[in-house]
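Chemist: Got a predicted structure here, sequence first:
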Amino acid sequence: MSTTVQQHSSRSRVMAITAGVAGNILEWYDFAIYGFFAPVLGQLFFPAEDPTTSLIASFGAFAAGFLMRPVGGALFGYIGDRVGRKRALNLSVLLMAVPTFLIGLIPTHAQIGMGAAVILVLLRMLQGLSVGGEYTSSIVYLAESAPEGKRGLFTSTSMMGAIGGILLGSFLGSIITGMLTEAQLQSWGWRIPFLFGILVAGIGYLIRRHMPETLSEQEEKENPLRTLRRNWVQVVQVSGLNMLSAIFFYALFVFVVTWLVDYVEESRTLALRLNSVSLLIFMVAILFFAHLSDRIGRKRLIIPGAVAIILFGYPLFWLMHHHDETMILAGEIGLAVLAAAYMAPIPATLTEMFPKNIRVSAVSVGYNLAYAIFGGTVPMVAVWLIKKEHDDLAFVWYIIAAAVVSLIVAFSLHRQIKNQMLD
C-alpha cells in the first residue's frame, strides 16, 4: 500500500516539474530569439543611418515587453491566488503563443513604414503581459509541490525551463544564421524562430492540461491588492534580490551575443555557439547550488554569490574581450558559475517569504518590478554606456553596482531562510 502511495506521489511530482517547466521554455525561448536577432530586427523595423541608433531602438522594443510584466504579474497573481495556480499557468502559455506567432508574420518598415514598429512594440507588450504571470506562478507551484527538504532543488527546475528555452532559441538561431546568407536572413529567415514558437506553446499547453492543482478551494482567498499594503517591505526585498539577477542574466545570456558580434567582432555563429555552452554549464551549476541551498540555507549562498560577482565580474568580462575563442569561453563559463551561485537559491527564497494565500501575487509584483525596470533595459543601457564612455566594458560596472544593491538587500533578510514550512 505504502509503495503504491509513494509511486503515485512520485508521478505527481514528476508531472508538477514537467508542467512547471514546460511554459517557461516558450516564454524564454521567445525573449531569447528577440535578443539574438535584435540587430536584424533593428535594421528591418527601426532603420537609421547610425547602426547603433537602430540597435538601441530595437532593444527599446525589447524593453517594452518588460514594462508590461508588473501588470501581468498582478493579473496572473490575482488569478493564481483566487482561482488557482493551474489556471494561471495555462492562460499564460496561451497568451504568449499568439503574439510570438504574429511577430513572425508582421510586415517590415520597408513595407508599411512606421506602422511596422508600432505593431512590433504592441506585440512585445502583449508578450510581456504573459511573461509577468508565467515564471512566478511556476516557481510557486513547484515550491508547493516539492517534498520536504528539496524546495530549492524543485524550484530551480523553473530556471531549467528558462535555460531550455534560451538554448532552443540559441540552437535554432545558430542553425538559421549558419545556413542562410545575410540577405536571406533579412528577407525571411528571421521569421522562422517566431513562427516555430506556436509548436512549443502547443506542447506546453497539452502537458499542463493534466497538472494537479496546489491551491485548495477551502483555503482563505484574500484580495491580492492588500499584498502591497501589508507586505510592502518583503515585496521591496524581492525586487532588490532580483535586481542583480535581472541585470546579470540578460547581460550574460542575451546581450552578450550582440556584444561579441558588434564589439568584439566575432561571428554570430560563434557567439551563439559559445553562449549555448555557457548556458549548459549554468544549467548544471544551478542544480548543484540549488541542492546546496537545501542543505546550508539560502542566504549562505546568495551573499557569497553577490560578493563573487563584485570581485570577479569585471576580470571575467575582460577575458571575453579578446579574439580568442578559448579565452571567451573561459570567461563565459566563469560568469555562468557565478550567476548560478547567486541565482539558484532565489526562487525558493521568494516563495518562503510569503503566506500561501498571497504568495503568487506578492512574488509576482516584486519579481516583475525588478525585471521591468532593470532586466528589459539591460541591452539598451549597455549599448548606451558603451557609446557614452567609449569603452566596450563600460556596462560591467552597471552589473557590479546592481550586485552591491542586491548584497545589501540580502543582508536585510531577517532570518536564515532554509526550508521554511509552506502552509
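Modeler: Good, I have the coordinates. Numbers count the residues shown, from 1 in each chain.
Chemist: wait, residue 406 sits on residue 247?
Modeler: No - using CB atoms under 8 Å, residue 406 makes no contact with residue 247, being 9.1 Å away. Bear in mind the C-beta positions are built from the backbone N, C-alpha and C, glycine included.
Chemist: can you give me the helices for the stretch 251-400 of the chain?
Modeler: 256-262, 268-296, 299-320, 325-343, 346-351, 359-370, 378-389, 395-412 (DSSP state H, counting those that start in this stretch).
Chemist: Convert the fourth one to PDB, retaining C-alpha atoms only.
Modeler: Once non-C-alpha atoms are left out, helix 325-343 reads as follows in PDB (Å, rounded to 0.1, in the frame of the first residue of the first chain):
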ATOM      1  CA  GLU A 325      37.700  31.500 -28.600                       C
ATOM      2  CA  THR A 326      39.300  29.800 -25.600                       C
ATOM      3  CA  MET A 327      39.500  33.000 -23.600                       C
ATOM      4  CA  ILE A 328      36.000  34.000 -24.400                       C
ATOM      5  CA  LEU A 329      34.700  30.600 -23.400                       C
ATOM      6  CA  ALA A 330      36.600  30.600 -20.200                       C
ATOM      7  CA  GLY A 331      35.200  34.000 -19.300                       C
ATOM      8  CA  GLU A 332      31.600  32.900 -20.100                       C
ATOM      9  CA  ILE A 333      31.900  29.700 -18.100                       C
ATOM     10  CA  GLY A 334      33.300  31.600 -15.100                       C
ATOM     11  CA  LEU A 335      30.500  34.100 -15.300                       C
ATOM     12  CA  ALA A 336      27.900  31.300 -15.700                       C
ATOM     13  CA  VAL A 337      29.100  29.700 -12.500                       C
ATOM     14  CA  LEU A 338      28.900  33.000 -10.600                       C
ATOM     15  CA  ALA A 339      25.400  33.600 -11.900                       C
ATOM     16  CA  ALA A 340      24.300  30.100 -10.800                       C
ATOM     17  CA  ALA A 341      25.700  30.500  -7.300                       C
ATOM     18  CA  TYR A 342      23.700  33.700  -6.800                       C
ATOM     19  CA  MET A 343      20.500  32.900  -8.700                       C
END
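Chemist: tell me the angle of it relative to helix 268-296?
Modeler: Following axes from the mean of the first three to the mean of the last three CA atoms, to 10 degrees, one obtains 30 degrees for the angle between helix 325-343 and helix 268-296.
Chemist: Can you list the buried residues in helix 325-343?
Modeler: Applying a neighbour-count criterion of 16 or more other CB atoms under 10 Å, one finds 328-329, 331-343 buried in helix 325-343.
Chemist: show me the residues around the spatially closest residue to residue 252 that is not a sequence neighbour that make contact.
Modeler: Among residues not flanking residue 252 along the chain, residue 335 sits closest, at 5.4 Å (CB to CB, 6 or more residues apart in numbering). Contact analysis of residue 335 by CB atoms under 8 Å, 6 or more residues apart in numbering lists 252, 278, 313, 316, 317.
Chemist: Most neighbours among the residues you listed, which one?
Modeler: Counting neighbours by other CB atoms under 10 Å, residue 252 comes out on top of those with 25 neighbours.
Chemist: related to what we said a few turns ago, now the residue nearest to residue 252: how far from residue 282?
Modeler: In this view, residue 335 and residue 282 are 9 Å apart by CB to CB, to the nearest Å.
Chemist: that older thread, would you mind measuring from the residue nearest to residue 252 to residue 38?
Modeler: Distance from residue 335 to residue 38, by CB to CB: 20 Å.
Chemist: likewise residue 190?
Modeler: 10 Å.
Chemist: what does the average pLDDT come to for stretch 340-348?
Modeler: For stretch 340-348, mean pLDDT rounds to 95.
Chemist: for that stretch, how far is the first residue from the last?
Modeler: Taking CA to CA, to the nearest Å, stretch 340-348 runs 14 Å from one end to the other.
Chemist: How much space separates residue 160 from residue 180?
Modeler: For residue 160 relative to residue 180 (CB to CB), the value is 30 Å.
Chemist: go on, residue 173?
Modeler: 11 Å.
Chemist: So those two - more neighbours on which side?
Modeler: Counted by other CB under 10 Å, residue 173 and residue 180 do not tie: residue 173 has more neighbours, with 25 against 16.
Chemist: tell me the pLDDT at the more buried one?
Modeler: 80.
Chemist: from here on, count from 4
Modeler: Fine by me, first position is 4 from now on; the one you just mentioned is residue 176.
Chemist: secondary structure element for it?
Modeler: helix 154-182 (DSSP states H and E).
Chemist: and that helix with helix 271-299, angle?
Modeler: Going by the same axes, to 10 degrees, helix 154-182 makes 180 degrees with helix 271-299.
Chemist: Tell me where the stretch 54-203 of the chain has helices.
Modeler: 54-70, 72-85, 88-106, 112-115, 118-148, 154-182, 185-187, 194-211.
Chemist: which one of the helices of the stretch 254-403 of the chain lies closest to residue 98?
Modeler: Closest to residue 98 of those, according to CB to CB: helix 362-373, at 14.6 Å.
Chemist: helices or strands up against the closest one?
Modeler: helix 72-85, helix 118-148, helix 229-233, helix 235-253, helix 349-354 (3 or more CB pairs under 8 Å, 6 or more residues apart in numbering; DSSP states H and E).
Chemist: Wait, residue 205 touches residue 101, no?
Modeler: No - contact criterion CB under 8 Å: residue 205 and residue 101 do not qualify, at 11.8 Å.
Chemist: What sits closest to residue 192 if chain neighbours are left out?
Modeler: Closest residue in space to residue 192, ignoring its immediate chain neighbours: residue 183 at 4.4 Å, by CB to CB, 6+ apart.
Chemist: wait, I meant residue 377
Modeler: Residue 377 sits nearest to residue 249 (CB to CB, 6+ apart), 4.5 Å away.
Chemist: residues in contact with that neighbour?
Modeler: Residue 249 neighbours (CB under 8 Å, 6+ apart): 373, 374, 377, 378, 381, 405.
Chemist: Looking at pLDDT only, which of the residues you listed scores worst?
Modeler: In terms of pLDDT, the lowest of the contacts of residue 249 is residue 378, showing 84.
Chemist: What does the pLDDT read for the residue nearest to residue 192?
Modeler: According to the model, residue 183 carries a pLDDT of 86.
Chemist: Next: residue 259.
Modeler: 92.
Chemist: Pull up the gap between the closest residue to it other than its chain neighbours and residue 209, please.
Modeler: Nearest non-adjacent residue to residue 259, counting by CB to CB, 6+ apart: residue 278, 6.5 Å away. Noted for residue 278: a distance of 29 Å to residue 209, by CB to CB.
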